[in-house]
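In: just a sequence and a predicted model for now, questions to come.
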Amino acid sequence: MNYVAAIDQGTTSTRCIIFNKKGEIVSVGQKEHEQIFPKAGWVEHNPEEIRQNTLEVVANARIKANLSTQDIAACGITNQRETTMVWNRKTGKPYYNAIVWQDTRVGKKVDELEKSIGSDWFKERTGLPLATYFSGLKIQWILDNVKGVREDAEKGEAIFGNMDTYTVWHLTGGVDGGLHLTDVTNASRTQLMDIKTISWDEEILEKLNIPLAMLPEIMPSSKVYGKIKSEAMRGVPLAGILGDQQAALVGQTCYKPGEAKNTYGTGCFMLMNTGTEAVASKYGLLTTVAYQFEGQPVHYALEGSIAIAGALVQWLRDNLGIIKNSADVQKLAEGVNDNGGAYFVPAFSGLYAPYWNNNARGLIAGLTRFVNKGHIARAVLEATAYQTRDVLEAMQKDSDIEIKSLRVDGGMTVNELLMQFQSDIMDVEVIRPKMIETTALGAAYAAGMAVGYWKNFDDLTANWGIDKTWKSEMSEELRAKNFNGWKKAIERSLDWED
């Protein structure tokens, strides 16, 4: 039992990473899945494709390292949060594609509820403002728009889950006794869970007309839930579940109140541990569950969610063809000294924290004849750093804690130009750890702790080490000028849609 496995079911791909006791990667299996855009603002995934990919990457990771199932002490799962699935308990078949967290089809419903009930009512109970982002309204959309689902839900046959629940159900037997459960972190992203009692809120379910029977059982993030029945990892205890951003917080070993991390992936997500207190945000952040290890109280976090970060680089590659590979963006951006006055607001699905404006849309501002594709590439990278500063400022106001250093992880942290600009624009030290795959590592930690592979948090903290630190090199005057340009661009993107 020398290793722990983590399944990372992300927005663009599914991976299985196997770790050793030092938190080092032993083996990786990875496969991308299709991004489906049926209409403007709609984003879907094919759940059957993801299910097949999951089995494939698990087998690949194990075979690459020549490991048997007996070598693996436990398996954890981390997942794209809020992405919503409804499937049939008896057949295992999905009623509809997975509706992805970025999808904005429920925008009109958000506006209606804003007028009739108000965002604050939901925020007080769930920690989350009304937005297209969360799972609850996506479930409601499937119930109201896909034939036969509501009837089956009333009978207890149509069941809901985010991608963690869907994956667990299939891995533990599917139609043959699959476990229908989720963890506290994923439940806290549905806008259906009371953030204080950690239970489904029946009044919200009634208002949204969602049957309670559809919902999974809420469990701690670290606990032996059962054994995997799928051939690729048969008999291995399934022992940890964390939404991807909470998993990164655990992987970055931010176990003390005030410790914060920022993950640069498809979106960008900053979380600060607030301990066992759920801190209500006054500055546009989310109150969310950070993690719960079995036998311990729930720990909370403040979160700043940014919808589009790495996805903007993909857009530059796939929609405009300005670069061939995502990695090319750094070289292109390095060909110019600054953004040439251009700013890119990537409000493709509205703006999340701290603005929460569903009707904002993307724009490029400040264009002149001088601007070339290098300036656009630079503006694309800088957009992530500016959005992160917006969130950092909100976090400092809400928590009354000055953040002097920020732990960073995720794929975009290999972009050194972005990391330096991030430090420059925030005037904060940016620290990249040796292990940047902290999302999968957090899921591995949760599973390993549940089976005693790691004994305590000290074991996990001992694994964390610094790879590189960036310090600000920008003058205060230039920082203010750059950020002022960003704020003007943001202002113009708000309420673009009527």
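Out: Alright, I've got the coordinates.
In: CA atoms for contacts and neighbours, from now on please.
Out: OK.
In: check which residues of the longest helix that the chain contains are buried.
Out: Secondary structure of the chain per DSSP state H: the longest helix is helix 373-399. The neighbour-count check on helix 373-399 (16 or more other Cα atoms under 10 Å) flags 374-392, 394-395, 398-399 as buried.
In: repeat for stretch 351-371
Out: Residues of stretch 351-371 classed as buried: 351-365 (neighbour count, 16+ other Cα under 10 Å).
In: take those residues and keep only those in strands.
Out: L363, I364, A365 (DSSP state E).
In: list just the nearest of the residues you listed to A342.
Out: Compare each of those with A342 using Cα to Cα and the shortest gap goes to A365, at 5.7 Å.
In: which residues does the closest one contact?
Out: Counting by Cα atoms under 8 Å, 6 or more residues apart in numbering, A365 touches A342, Y343, F344, A489.
In: from L381, how far out is the first one?
Out: Same thing as A342. As judged by Cα to Cα, to the nearest Å, A342 and L381 stand 12 Å apart.
In: next one: the last one
Out: The spacing between A489 and L381, counted by Cα to Cα, is 15 Å.
In: same thing with G92?
Out: Look at G92 and L381: by Cα to Cα, they are 41 Å apart.
In: kindly report the same for L286.
Out: 24 Å.
In: what's the answer for N372, then?
Out: N372 sits 15 Å away from L381, going by Cα to Cα.
In: G107 now?
Out: Separation of G107 from L381 (Cα to Cα) stands at 28 Å.
In: what residues does the helix or strand encompassing T288 touch?
Out: Per DSSP states H and E: T288 is located in strand 286-291. Here strand 286-291 makes contact (Cα under 8 Å, 6+ apart) with 126-129, 184-185, 188-189, 195, 220-221, 242, 246, 249-250, 273, 278-281, 298-305.
In: send the alpha carbons of that strand over as PDB?
Out: The C-alpha trace of strand 286-291 is given here as PDB (Å, rounded to 0.1, in the frame of the first residue of the first chain):
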ATOM      1  CA  LEU A 286     -18.700  33.700  -1.500                       C
ATOM      2  CA  THR A 287     -18.900  32.000   1.900                       C
ATOM      3  CA  THR A 288     -18.200  28.400   1.200                       C
ATOM      4  CA  VAL A 289     -17.200  25.200   3.000                       C
ATOM      5  CA  ALA A 290     -13.400  24.600   2.900                       C
ATOM      6  CA  TYR A 291     -13.300  21.000   4.000                       C
END
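In: would you pull up how far it lies from the middle of the chain?
Out: 12 Å (Cα atoms, centre = their mean, to the nearest Å).
In: partner strands of that strand, with direction?
Out: Next to strand 286-291 in the sheet, as set by DSSP bridges, lie strand 299-306 (antiparallel).
In: next helix or strand past the longest helix of the chain?
Out: Sequence-wise, the next helix or strand downstream of helix 373-399 (DSSP H and E) is strand 405-409.
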